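Engineer: Output the structure for:
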Amino acid sequence: MKRFYKALILVIVLSLAFCALCLPVSAASASGQRGATVTVSTAVSGVMGINGTISVSGNAISNYTVSVTDAMSTGVDSFFTVTSVAPKTYVVTVKCTISNSANIGDTATITISGDKVYQDGTMGTFSETHTVKVAAATPVVTIDYSKISEQIKIANELNKNDYTSESWEAMLTALNEARANLKSTSQVRVDASTNKLKTAIASLVKIDRTKLLQAIDEAGKLFAKNDDTKAWKDFVDAVNTANEMITSNVQKDIDDAANALLSAVAALTEIVNRPAETVEVTKEVVVTKEVIKEVEVTKEVIKEVPVEVTVEVPTEPTEPFCNKSSHKVWLVLLIISAVINVAFIVLTVVYFLRKKNNHKDTTPLVNYSIEEDNK
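Structural biologist: The predicted structure follows:
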């Protein structure tokens, strides 16, 4: 029984080996447009050499050429290789030119077949069939860049200072994306970028500087009336801030500057139009009436003299020439400083005179002789 199984296994192995020697290599296919060159190839591995033929059927191919690894000779439809000293892989390559007169969908069958030699000298066969198909020409896609170019041109002509910073940044992002898609090969992507940029341009928010300009105009009317008060300083600061905000793209900052300037204008206007000004005007009116009255009296006196008389009414000043109280303080301080300096100089002179008198030698003279020391 064991012998039977062994014999059965041997038969199966030999059958598989025979099939492997005789089975063709798996088929392959290629396609190309009319006039194009396509390549098909067959590889035979683990052999010492091969030889065979090429057969072509169908009207899709106008001509072809054959090449093989380590070829000894090749013909139009045959090949023969050099026998190697060790098993290797041989590749048979057929380059086919698809016929210009072929119809789209036409095919050609290329069969590469032949014999192969193993290292132990045994022979085998190989065969592989390739199908070449005429493919349709790739349609030429034309991209329409006219609309996206138009939107980019519109965006380039816009002035950044006319719009809020938020809306301008959104438009700038869409603009950069549109510029990047000017070379895109996808019409869908180009159209999407065009619509996005168009929407961003339409969504731009213009800066409203009307209120600020009106405030600056109102402020300009007060420059001729200077008032040395905190209100005037606040007014000048508000004017400077308003001028700086002219180029701002933040609406809140613009509105805040306008409100601050209007408040400063109102405060300064109130100071300029205080009742004191009205009193001063009334005083001027009174003086004018007095002058007119005096002139009338004078005219009565000299009414018979046919000459024109000009009367000047002198007015005595009611305030000192210098109305700055700080000037009087400085004068007093100057006098005090001078007195202190004179006193300091006198004390210094007295001190040095007394010091000189104290250093006089008051030691009495004594008669002294060296001879007395020798006694």
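
Engineer: going on from the lowest-mean-pLDDT helix or strand in the chain, what's the next piece of helix or strand?
Structural biologist: Sorting the helices and strands of the chain by mean pLDDT, DSSP states H and E puts helix 275-301 at the bottom, at a mean of 46. Using DSSP states H and E, the helix or strand that directly follows helix 275-301 along the chain is helix 325-358.

Engineer: Show me what that next one is packed up against.
Structural biologist: Packing partners of helix 325-358 (3 or more C-beta pairs under 8 Å, 6 or more residues apart in numbering; DSSP states H and E): none among the helices and strands. All C-beta atoms are positioned from the backbone trio N, CA, C, and that covers glycine.

Engineer: ok now do L182, which residues does it touch?
Structural biologist: Y145, I148, S149, I152 (C-beta atoms under 8 Å, 6 or more residues apart in numbering).

Engineer: Do a quick rundown of the helices in the protein.
Structural biologist: 2-22, 146-156, 165-180, 187-202, 210-220, 230-244, 251-272, 275-301, 325-358, 370-374 (DSSP state H).

Engineer: weakest of the ones you listed in terms of mean pLDDT?
Structural biologist: Per-stretch mean pLDDT for those is lowest at helix 275-301 (a mean of 46).

Engineer: nearest residue to S84 other than its sequence neighbours?
Structural biologist: Excluding the flanking residues, the one nearest S84 by C-beta to C-beta, 6 or more residues apart in numbering is M48, at 5.5 Å.

Engineer: so that neighbour makes contact with T122?
Structural biologist: No - applying C-beta atoms under 8 Å, one finds M48 not in contact with T122, separated by 10.3 Å.

Engineer: Tell me which of the two has more neighbours.
Structural biologist: Using other C-beta atoms under 10 Å, the more surrounded residue of M48 and T122 is M48, with 19 against 10.

Engineer: what's near enough to touch the more buried one?
Structural biologist: Counted by C-beta under 8 Å, 6+ apart, M48 has contacts T83, S84, A86, P87, K88, V117, Y118, Q119.

Engineer: What about these, which are in strands?
Structural biologist: K88, V117 (DSSP state E).

Engineer: ok, and the most crowded of the contacts of M48?
Structural biologist: Neighbour max across the contacts of M48 (other C-beta under 10 Å) = V117, 18 neighbours.

Engineer: what sits against that one?
Structural biologist: So, once contact is read as C-beta under 8 Å, 6+ apart, V117 ends up touching V47, M48, G49, I50, T83, M123, G124.

Engineer: would you turn the residues you listed into a markdown table with distance to N341 and pLDDT?
Structural biologist: Converted to a markdown table, the contacts of V117 look like this (distance: C-beta to C-beta, whole Å; pLDDT from 0 to 100):
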| residue | distance to N341 | pLDDT |
| --- | --- | --- |
| V47 | 127 | 92 |
| M48 | 129 | 91 |
| G49 | 129 | 91 |
| I50 | 128 | 93 |
| T83 | 130 | 87 |
| M123 | 137 | 89 |
| G124 | 133 | 92 |
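
Engineer: Just the buried ones from those residues?
Structural biologist: Among the contacts of V117, those buried by neighbour count (16 or more other C-beta atoms under 10 Å) are V47, M48, G49, I50, G124.

Engineer: just checking, which of these belong to strands?
Structural biologist: Filtering these for strands - DSSP E - leaves V47, G49, I50, G124.

Engineer: what is the last one paired to in the beta sheet?
Structural biologist: Going by DSSP bridges, G124 is paired in beta bridges with K116.

Engineer: shouldn't it be in contact with S113?
Structural biologist: No - applying C-beta under 8 Å, one finds G124 not in contact with S113, separated by 11.7 Å.

Engineer: rewinding a little: now the contacts of V117 as TSV including distance to I246?
Structural biologist: Shown next, in TSV, are these (distance: C-beta to C-beta, whole Å):
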residue	distance to I246
V47	89
M48	92
G49	91
I50	88
T83	94
M123	98
G124	93
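
Engineer: Looking at the residues you listed, which two lie furthest apart in space?
Structural biologist: T83 and G124 (14.5 Å; C-beta to C-beta).

Engineer: contacting residues around the spatially closest residue to T131 that is not a sequence neighbour?
Structural biologist: Excluding the flanking residues, the one nearest T131 by C-beta to C-beta, 6+ apart is S29, at 4.2 Å. Counting by C-beta under 8 Å, 6+ apart, S29 touches H130, T131, V132, K133.

Engineer: Closest to G105 out of those?
Structural biologist: Taking the contacts of S29 together and measuring to G105 by C-beta to C-beta, the closest member is K133, at 7.0 Å.
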